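Chemist: Could you look at this predicted model? Sequence included:
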Amino acid sequence: MLEQILKGGMMMWPLMALSFVALAVVYERWMAFRANRKIDTPAMRAKIIACLRAGDPDGAIAVCAATGGPVASVLLVGLRSYIQLRDKKENAETMRMVVGQVMEDYSAQAMGIVNKRLDVLTTVGTAAPLFGMTGTVTGMIASFASMAEAGSSGGGGAVAAGIAEALITTAAGLLIALMAVIPQSVFNRWSDEIELQIEEGSADVLEFILTHH
């Protein structure tokens with residue numbers, strides 16, 4: 001393996017660096033999403049609404065705090081705002097607007113944490129093929145230079161080395177790009193699911209406010 005990397009020339013070093021960065025980000029995001037996907041969000045939402053209907057908003061807050069994760073954190077902020085407004089005797093429409101805005105604002109922050117470092121995978125997926133193409137060009141330049149120096153006397157080995165460099169860097173760039181792009185696609189889908197869960201949970205809270213005040 002090391003021999004093949006060395007045959008790829010200087011462009012293999014930035015490509016290897018990109019591969020290490022991609023692997024680190026994929027592992028870190030995988031662990032984060034894995035922890036979140038273990039959370040039973042529908043059950044949490046049911047418990048929160050049950051507590052609210054029982055007149056126990058503090059219990060609903062305790063459910064959010066004990067559950068954790070982006071969905072629970074958004075609902076927690078909304079519930080705390082709801083309690084403050086309720087204590088001030090605000091009307092249902094005012095509470096709905098304020099609580100809805102608070103959850104929407106915090107949702108943007110929560111999703112920013114969910115999508116943290118995914119842009120790094122985008123960069124790797126874009127840059128790796130470009131480094132590979134650069135290696136292809138430099139490898140072909142080396143091949144043609146060897147051919148020009150050898151002239152009619154041969155020099156096939158040097159030419160083959162340049163072509164090998166070109167092919168190795170191209171293949172490495174494409175493989176590293178795939179290593180970043182495929183996980184990113186999966187993470188984006190999981191991120192969309194979390195965002196939908198936040199919207200559904202927020203709708204549950206706002207519906208309760210309108211129908212019970």
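Modeler: In hand now; what should we look at?
Chemist: helices or strands up against the longest helix along the chain?
Modeler: Ranked by residue count under DSSP state H, the longest helix found in the chain is helix 156-211. In this structure, helix 156-211 makes packing contacts with helix 2-7, helix 12-37, helix 41-53, helix 70-87, helix 92-114, helix 118-150, judged by 3 or more C-beta pairs under 8 Å, 6 or more residues apart in numbering; DSSP states H and E. Placement of C-beta: from N, CA and C, glycine included.
Chemist: Please repeat the previous calculation with a cut-off of 6 Å.
Modeler: helix 12-37, helix 41-53, helix 70-87, helix 92-114, helix 118-150 (3 or more C-beta pairs under 6 Å, 6 or more residues apart in numbering; DSSP states H and E).
Chemist: hey, which of the ones you listed is tucked in deepest?
Modeler: Of all the helices and strands packed on helix 156-211, helix 70-87 has the most neighbours on average by mean count of other C-beta atoms under 10 Å, namely a mean of 21.
Chemist: ok and that helix relative to helix 92-114, angle-wise?
Modeler: Interaxial angle of helix 70-87 relative to helix 92-114 (axes from the mean of the first three to the mean of the last three C-alpha atoms, to 10 degrees): 150 degrees.
Chemist: which residues make contact with helix 70-87 from outside it?
Modeler: With C-beta atoms under 6 Å, 6 or more residues apart in numbering as the test, helix 70-87 has contacts from 41, 57, 60-61, 64, 95, 98-99, 102-103, 106-107, 110, 114, 194, 197-198, 201, 205.
Chemist: how does this protein divide up, domain by domain?
Modeler: Structural domains assigned to the chain are 2-35+118-194, 40-115+197-211, following automatic domain parsing.
Chemist: Comparing those by mean pLDDT, which bottoms out?
Modeler: Lowest mean pLDDT within these: domain 2-35+118-194, at a mean of 82.
Chemist: residues contacting the closest residue to Gly173 other than its chain neighbours?
Modeler: For Gly173, ignoring the flanking residues on the chain, the nearest one in space by C-beta to C-beta, 6 or more residues apart in numbering is Gly132 at 2.0 Å. Neighbour list for Gly132: Thr169, Thr170, Ala172, Gly173 [criterion: C-beta under 6 Å, 6+ apart].
Chemist: If we use 10 Å, what do you get?
Modeler: 8, 11-12, 15, 166-177 (C-beta atoms under 10 Å, 6 or more residues apart in numbering).
Chemist: Now that we have those, which of them are buried?
Modeler: By neighbour count, with 16 or more other C-beta atoms under 10 Å, those hold 8, 11-12, 15, 166-170, 172-173, 176-177 as buried.
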